[in-house]
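J.: give me a model of this one.
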Amino acid sequence: MKKVLFSCLLLILFAFTAPAQKTKPWTEWSQKDAEKIWNDSSWAQTQTEGGGVEESTQTSAISSTTAARESQVRNASAAAKAGESGEKKEAAAIHYRVRLLTAKPIRAAFVRLVELQGAPAERVAQLRTFVDRDFGDYIVVTITADGSDQKRKLAVGQVLGNADANALKDVTYLERKDGKRVQLVDYRAPVEDGLGAKLVFPRTVDGQPFIDANSGEVHFSMDLGKLVKINRRFKVSDMMYEGKLEF
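T.: Residues are numbered from 1 along each chain as shown. Below you'll find the model as predicted:
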């Protein structure tokens with residue numbers, strides 16, 4: 001009987017705790033909360049290629065210079081230890097981060113991480129307006145690349161930096177579960193804003209929302225040959241935030 005009562009109490013506790021975490025204002029998110037939304041959530045996914053232990057993701061997304069410096073120190077230290085102990089070096093890896101920038105939780109996570117890193121109050125105040133920005137009739141997907149494979153990361157950066165909308169239109173799309181696709185309408189190469197490359201798609205098709213509660217899932221695909229080939233799927237039913245479908 002005691003075990004049954006204990007199990008019931010756990011279920012009740014979970015029932016109240018889970019919604020509380022889900023509805024916690026973004027201004028109260030911890031760094032762990034914000035990083036989870038930013039890199040591994042209903043609006044952000046990571047595609048990893050290669051081996052090795054995944055590195056810190058939050059700093060690489062917002063302060064690439066700091067991340068690169070820290071990565072060099074870690075790699076040098078690991079190499080030295082490997083030489084002393086005879087341990088094998090871990091294979092280099094690259095992580096593609098695919099995010100739905102037009103989803104409010106992603107913008108909120110970005111601003112919260114900037115704030116938690118100690119950005120000046122004026123800067124944070126400016127960025128907070130970004131959280132509530134209206135993107136109109138567009139869906140914006142962003143791509144960043146980080147990881148220990150420095151050579152490949154540099155090559156990917158060059159490809160994304162030199163690409164344009166015309167070159168990407170035939171190899172980049174969003175696709176619903178029913179097979180309906182929308183092609184890219186615009187592309188913005190990465191700049192020093194911490195958000196990465198921006199791929200713009202139409203939000204409506206023939207006067208109807210491309211994505212709604214019945215869309216099932218959304219598949220993002222970008223195929224630039226052997227160097228960059230990204231495929232990520234987002235479950236639409238998990239994209240509710242503050243009572244609204246966010247994408």
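J.: could you count how many residues lie near Ile139?
T.: Using other Cβ atoms under 10 Å, Ile139 has 24 neighbouring residues. In short, each C-beta sits where N, CA and C put it, glycine included.
J.: next up, the contacts around it.
T.: Leu100, Thr102, Leu174, Val200, Phe201, Pro202, Arg203, Phe210, Ile211, Phe247 (Cβ atoms under 8 Å, 6 or more residues apart in numbering).
J.: run the last query once more with 6 Å
T.: Ile139 is in contact with Thr102, Phe201, Arg203, counting by Cβ atoms under 6 Å, 6 or more residues apart in numbering.
J.: in a markdown table: the residues you listed, plus neighbour count and secondary structure.
T.: Listed next are those as a markdown table, based on neighbours: other Cβ atoms under 10 Å; DSSP: H, G, I helix; E, B strand; the rest coil:
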| residue | neighbour count | secondary structure |
| --- | --- | --- |
| Thr102 | 22 | coil |
| Phe201 | 23 | strand |
| Arg203 | 17 | coil |
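J.: got those residues as CSV, with distance to Glu192 and pLDDT columns?
T.: As requested, the contacts of Ile139 are exported to CSV (distance: Cβ to Cβ, whole Å; pLDDT from 0 to 100):
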residue, distance to Glu192, pLDDT
Thr102, 21, 97
Phe201, 24, 97
Arg203, 27, 96
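J.: now, which of those sits nearest Ser221?
T.: If you rank the contacts of Ile139 by distance to Ser221 using Cβ to Cβ, Phe201 comes first, at 11.7 Å.
J.: partner residues bridging that closest one?
T.: Bridge pairing for Phe201 (DSSP bridges) gives the partners Ile139.
J.: that one and Gly157, how far apart?
T.: 22 Å (Cβ to Cβ, to the nearest Å).
J.: how about Ala44?
T.: 20 Å.
J.: pretty sure Ile143 sits in a strand.
T.: Yes. Under DSSP: H, G, I helix; E, B strand; the rest coil, Ile143 sits within a strand.
J.: what is the burial count for the closest residue to Leu116 other than its chain neighbours?
T.: The shortest distance from Leu116 to any non-neighbouring residue, by Cβ to Cβ, 6 or more residues apart in numbering, is to Gln31 (5.1 Å). If you count neighbours by other Cβ under 10 Å, Gln31 ends up with 13.
J.: touching, His219 and Arg233? I think so.
T.: Yes. Here His219 lies in contact with Arg233, judged by Cβ atoms under 6 Å, at a distance of 5.0 Å.
J.: which residue ranges of this structure form helices?
T.: Under the criterion DSSP state H, helices of the chain are mapped to 2-22, 31-39, 58-62, 64-85, 104-116, 121-131, 150-162, 165-168.
J.: list the buried residues of the second one.
T.: What it means is helix 31-39. Asp33, Ala34, Glu35, Ile37, Trp38, Asn39 (16 or more other Cβ atoms under 10 Å).
J.: against which helices or strands is that helix packed?
T.: helix 104-116 (3 or more Cβ pairs under 6 Å, 6 or more residues apart in numbering; DSSP states H and E).
J.: hmm, 7 Å instead?
T.: strand 44-50, helix 58-62, helix 104-116 (3 or more Cβ pairs under 7 Å, 6 or more residues apart in numbering; DSSP states H and E).
J.: where in the protein is pLDDT low?
T.: Within the chain, the stretches with pLDDT under 70 are 1-23, 52-89.
J.: again, only this time at 80
T.: Applying pLDDT under 80 to the chain picks out residues 1-23, 51-90.
J.: ok, back up a step: make JSON lines out of the helices and strands packed on helix 31-39 and add distance to Lys153 and mean neighbour count.
T.: Formatted as JSON lines, the helices and strands packed on helix 31-39 follow (distance: least, Cβ to Cβ, whole Å; neighbours: other Cβ atoms under 10 Å):
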{"stretch": "strand 44-50", "distance to Lys153": "11", "mean neighbour count": "17"}
{"stretch": "helix 58-62", "distance to Lys153": "10", "mean neighbour count": "21"}
{"stretch": "helix 104-116", "distance to Lys153": "20", "mean neighbour count": "22"}
